[in-house]
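Chemist: Provided below for reference: sequence and predicted model.
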Amino acid sequence: MKTFAELDFPGRLIAVEGLDGSGKSTQIYLLKRWLEAEGVRVYFSEWNSSELVKSATSKGKKRELLTPTTFSLIHATDFADRYERHLLPLLRAGYIVLCDRYIFTAFARDVVRGCPPAWVRGMYNFAALPDLTFFFKADLEVSLNRILDGRPKLKFFEAGMDLRLSPDPYESFRIFQGRILEQYLAMSTEFNFVVMDANQRVEAQQGVVRQLVSERIDLSRFKRESPLPLPPPMRQKAGLLDLDDDPAE
Amino acid sequence: MKKNNHHNHIVVPRPGRRRFYGHGIPGVLPKELVGKLIVVEGADGSGRSTQIAALVESLETSGHATVQVGLKRSTLVSEELERAQEGNILSRTTLGLFYATDFADQLENIILPALKAGFIVLADRYIYTLMARDMVRGMDEAWLKNLYGIALEPDAVFYLEVEAEELVQRNLAKNATLDYWESGMDLGLSRDVFDSFVQYQTAMQAAFRQLQKTYGFTIVNGNRSVVAITGELRKKIGAVLEGK
């Protein structure tokens, strides 16, 4: 498997990985805001967000129809749809693509669910590797508490209830997340994760993220020719409406 | 059956070799799957449905319980798959994985439980059609082989091979039109649906021949009469039930 840079794509892909509650989504959002302000062509993509596959995925989850195999396959379908229709063309066009979770999420989750690692990896081998992967490593308790503090209603699959780890969803979630963390740590070296100390303050982490991105990627290459056009001010829009109201003019 | 004096003699299927092509489905033991899985493959118009109906008839008369499965019939994704195909908006990897999801859902929820319960499962198409379609669209064979490592090896696979020109005649006689997907129109082989159909079905046959080398299924000459083919299939399935 090669990275997009190794495959001579003009674009670059940056991924964040980590447990729920590790703060990775906050960090990639702040990275996106910075790159946009810098005038970089940037696109953000989330795990499990393909419109086409969504209805099947949500039906499968709501009605608890999914087995480890179909859970894995339906997420691969979702990923493939985003990959082929959005990520690839954008990377061909020289965008910086930011992914909140990438194939490593599947590698970790599906294997915890009992799918053979070689099968899962083989299924995703149509996808190139990110040029930069940040892994947000927080203490398990910190991540768990961030999610569980409000005693939210945990969804069946989110809590790993399908694995029958514990009849209590909160306990099940704890065990499930612990196992996923083990999988992430086992992959860390193999896939060159940049391991971030997610116990640090948001600002401190973002400083490290921006520093590393600017070191590893020549951002000047990804800037738009000119700054983004500003949206028209409200007054002007009102003026146009006035004109419409008076066709005689 | 009428000639048979042993009306009460019902063959209890003997166990044969049972294995998944790859890693299979987590937690499923092949030896528990005591029923038989029989697959009929072939293009639209190859006589699949007719043959399956005839097999169900003869198997049930002989005292075997049967279950039928086919592609795009899963509870999980069949509707979504149908909708996505109407718009023809999915790219090849996505469509391939969507079909694999549909297959896996039926495998786990219908095929495997039925085999555990000792049913004879008749599959109107199986992974080979899915693989051949993806291969014709340029997908990597090794990737497909890994993907479909979840599949159970059937006890018998019959591929009804019919000449592309004959398929055209049969499809037109039945529907007065050629199906968009069965003509491979998404591939842009030709703007003419007739030409596209012939080219696509010829490519599909080549893909099946290629897969046959790996999976060793039986190629049945589908250009013959329905009765002749049914006779051949019944004889071969009889041998399968006796564990031969």
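Modeler: Alright, I've got the coordinates. Numbering: from 1, shown residues only, chains lettered A, B, ... in the order given.

Chemist: got the phi/psi numbers for B:Glu82?
Modeler: phi -60, psi -50 (degrees, to the nearest 10).

Chemist: contacts only, for it.
Modeler: B:Glu82 makes contact with B:Lys72, according to C-beta atoms under 8 Å, 6 or more residues apart in numbering or on different chains. Heads up, the C-betas are built off the backbone N, CA and C, glycines and all.

Chemist: tell me the pLDDT at it?
Modeler: On the pLDDT scale, B:Glu82 is placed at 84.

Chemist: if I look at it, how far off is A:Arg164?
Modeler: In this view, B:Glu82 and A:Arg164 are 33 Å apart by C-beta to C-beta, to the nearest Å.

Chemist: with just CA atoms, put the longest helix anywhere in chain A into CSV.
Modeler: The longest helix of chain A (DSSP state H) is helix A:169-187. Written as CSV, here are the backbone C-alpha positions of helix A:169-187 (Å, rounded to 0.1, in the frame of the first residue of the first chain):
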residue,chain,number,x,y,z
PRO,A,169,-24.3,-0.8,27.7
TYR,A,170,-21.9,1.4,29.7
GLU,A,171,-19.7,-1.5,30.8
SER,A,172,-19.9,-3.0,27.2
PHE,A,173,-18.8,0.4,25.8
ARG,A,174,-15.8,0.5,28.2
ILE,A,175,-14.6,-3.0,27.3
PHE,A,176,-15.2,-2.4,23.5
GLN,A,177,-13.3,0.9,23.5
GLY,A,178,-10.4,-0.7,25.4
ARG,A,179,-10.1,-3.4,22.8
ILE,A,180,-10.2,-0.9,20.0
LEU,A,181,-7.5,1.1,21.6
GLU,A,182,-5.3,-2.1,21.7
GLN,A,183,-5.9,-2.5,18.0
TYR,A,184,-4.9,1.1,17.3
LEU,A,185,-1.7,0.8,19.3
ALA,A,186,-0.8,-2.4,17.5
MET,A,187,-1.1,-0.6,14.1
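
Chemist: that one close to chain B?
Modeler: No - between helix A:169-187 and chain B, judged by C-beta under 8 Å from any C-beta of the partner chain, nothing touches; the nearest distance is 14.7 Å.

Chemist: who does the helix or strand sitting right after that helix along the chain touch, helix- and strand-wise?
Modeler: For helix A:169-187, the following helix or strand on the C-terminal side (DSSP states H and E) is strand A:194-197. When contacts are defined as 3 or more C-beta pairs under 8 Å, 6 or more residues apart in numbering or on different chains; DSSP states H and E, strand A:194-197 packs onto strand A:132-137, helix A:202-216.

Chemist: helices of chain A, residue ranges please.
Modeler: Going by DSSP H, chain A shows helices at A:24-37, A:51-62, A:68-82, A:88-92, A:103-112, A:117-123, A:140-148, A:169-187, A:202-216, A:234-245.

Chemist: rank those by pLDDT, which is bottom?
Modeler: Ranked by mean pLDDT, the helices of chain A bottom out at helix A:234-245, which scores a mean of 42.

Chemist: hey, what's the residue nearest in space to the middle of chain A bridged with?
Modeler: Note on chain A: the residue nearest the mean C-alpha position is A:Asp100, at 1.3 Å, using C-alpha atoms, centre = their mean. When bridges are called by DSSP bridges, A:Asp100 pairs up with A:Val16, A:Glu46.

Chemist: give me the contact list for whatever helix or strand B:Gln199 lives in.
Modeler: Assessed by DSSP H and E, B:Gln199 sits inside helix B:193-215. With contacts defined as C-beta under 8 Å, 6+ apart, helix B:193-215 is touched by B:41, B:43, B:128, B:131-133, B:135-136, B:141, B:145, B:157, B:159, B:161, B:164-165, B:167-168, B:171, B:178, B:180, B:182-185, B:187, B:189-190, B:217, B:219.

Chemist: which parts of chain A sit against chain B?
Modeler: Counting by C-beta under 8 Å from any C-beta, the residues of chain A close to chain B are A:52-53, A:55-56, A:59-60, A:65-70, A:73-74, A:76-77, A:80-81, A:83-85, A:113-116, A:118-119, A:122-123, A:125-126.

Chemist: show me which of the residues you listed are buried.
Modeler: With neighbours counted by 16 or more other C-beta atoms under 10 Å in any protein chain shown, those contain buried members at A:52-53, A:56, A:59-60, A:65-70, A:73-74, A:76-77, A:80-81, A:83-85, A:113, A:115-116, A:119, A:122-123, A:126.

Chemist: I figured B:Gly27 hits A:Gly114, correct?
Modeler: Yes - the pair B:Gly27 / A:Gly114 is scored as a contact, 6.9 Å apart, by C-beta atoms under 8 Å.

Chemist: lowest confidence element among the helices and strands of chain B?
Modeler: helix B:78-87 (a mean of 81; mean pLDDT, DSSP states H and E).

Chemist: what residues sit buried inside it?
Modeler: Neighbour counts over helix B:78-87 (16+ other C-beta under 10 Å) mark B:78, B:80-81, B:84-85 as buried.
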